[in-house]
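> mind folding the following:
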Amino acid sequence: MASNDVEGRPLWLHRECAKLITKGNLLTLTVPPKCVDKGEWVAHQVVEQYRLLSAFVRVVSELDSDSTSICNAERCPTMSAGEHCYTWIDEDEQPVRLLAHQYITVIRDWISRKLDDELLFPTDPLGATANLYPHHACQTDLSGNSDENWLGCRSGFPQNFAAACRLICRQMFRIYAHLYWNHFEDFYHLSLEKSLNSCFGSFLMVTVTHDMLQSGDVQPMRDLISLWAANGTFPADSKLGGLADLDRGKYFSGEATPC
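Next comes the predicted model:
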């Protein structure tokens, strides 16, 4: 578990540990190219964000010389992120508490099946109509779909595509939150904290901007969002900036004292 200071603050809420590799305005990452249907762009983002997350999961999941992993039953008896504990829904639609490494394995298998589903994430290039006819590109957002015009409708994506993307991103966030709350110190000692911060920052910017994550979904990491908003990592005019508590963020970034 990440080391806390005398105030109980996790390591990742220290200014020096919250730095990113990437520079510049992260909002530029959220703008789909004009010649690409938004459904195609969202699909690419979901797949790419999952690829990046998987690299960090491997760090805590791979077995070492004594056949144990960083994320194990003793260290992580539940899938937790601070005070939040996540459960999985079993075949009887009942909530089940799993060991964190079991939960992550189940989630990764579930996401992989979704991404490999040709009906949900079609890969037929003939379906990518927006590249051929950009003026027909469907630019629906993920906040609501009509019966006639849903996200990705002109590129062959099904009507439940937006809802599936939201579920996938919600589960990816839970894994990120667990990594921060329980394994950030491991990434820090491996000099991977800036890589983790960079990927998580871009993940948050894309998913919150395009309504794949809502305010309630990101609650376990609200303080880090506030810190990044206060130090300018997240622009003030972004949706993430609107979720931040700037007074807390300024305190964590060393710009203010606690009230």
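> can you give me the helices in this structure?
38-61, 100-116, 129-132, 161-189, 193-209, 222-230, 239-243, 246-252 (DSSP state H).
> residue ranges with poor pLDDT in the stretch 1-150 of the chain?
Applying pLDDT under 70 to the stretch 1-150 of the chain picks out residues 1-7, 125-148.
> what segments of it are strands?
With strands called from DSSP state E, counting those that start in this stretch, the stretch 1-150 of the chain shows them at 79-81, 84-86, 88-89, 95-96.
> and those: which comes nearest Ser238?
Among those, strand 79-81 comes nearest to Ser238, with 22.7 Å by Cβ to Cβ. From N, CA and C alone the C-beta is placed, and that goes for glycine too.
> pLDDT value on the most centrally placed residue in the chain, please?
Nearest to the mean C-alpha position of the chain, counting by Cα atoms, centre = their mean, stands Phe173 at 3.9 Å. We have a pLDDT of 99 for Phe173.
> please look at it and Met212 and confirm they touch.
No - with contact defined as Cβ atoms under 8 Å, Phe173 does not count as touching Met212 (9.2 Å).
> tell me how many other residues crowd the closest residue to Glu40 other than its chain neighbours.
What sits nearest to Glu40 in space, not counting adjacent residues and going by Cβ to Cβ, 6 or more residues apart in numbering, is Ser155, at 5.1 Å. A count of nearby residues for Ser155, using other Cβ atoms under 10 Å, gives 24.
> do the same with the one 4 residues further on
Residue neighbour count, defined by other Cβ under 10 Å, stands at 13 for Gln159.
> so where's the stretch 151-259 of the chain uncertain?
For the stretch 151-259 of the chain, the ranges with pLDDT under 70 are 255-259.
> make it 50
Per-residue confidence for the stretch 151-259 of the chain (pLDDT under 50) gives these ranges: 259.
> for Leu240, give its distance to Gly82.
19 Å (Cβ to Cβ, to the nearest Å).
> looking at these two, which is more packed in?
Leu240 (25 against 15).
> name the nearest residue to that one, sequence neighbours excluded.
Nearest to Leu240 is Phe234, by Cβ to Cβ, 6+ apart, at 4.4 Å.
> can you give me the neighbour number for that neighbour?
Residues within reach of Phe234, counting by other Cβ under 10 Å, total 27.
> surely it meets Gly249?
No - applying Cβ under 8 Å as the test, Phe234 and Gly249 come out as separate, 9.3 Å apart.
> joint contacts of the two?
Common neighbours of Phe234 and Gly249, counting by Cβ atoms under 8 Å, 6 or more residues apart in numbering, are Ile225, Trp228.
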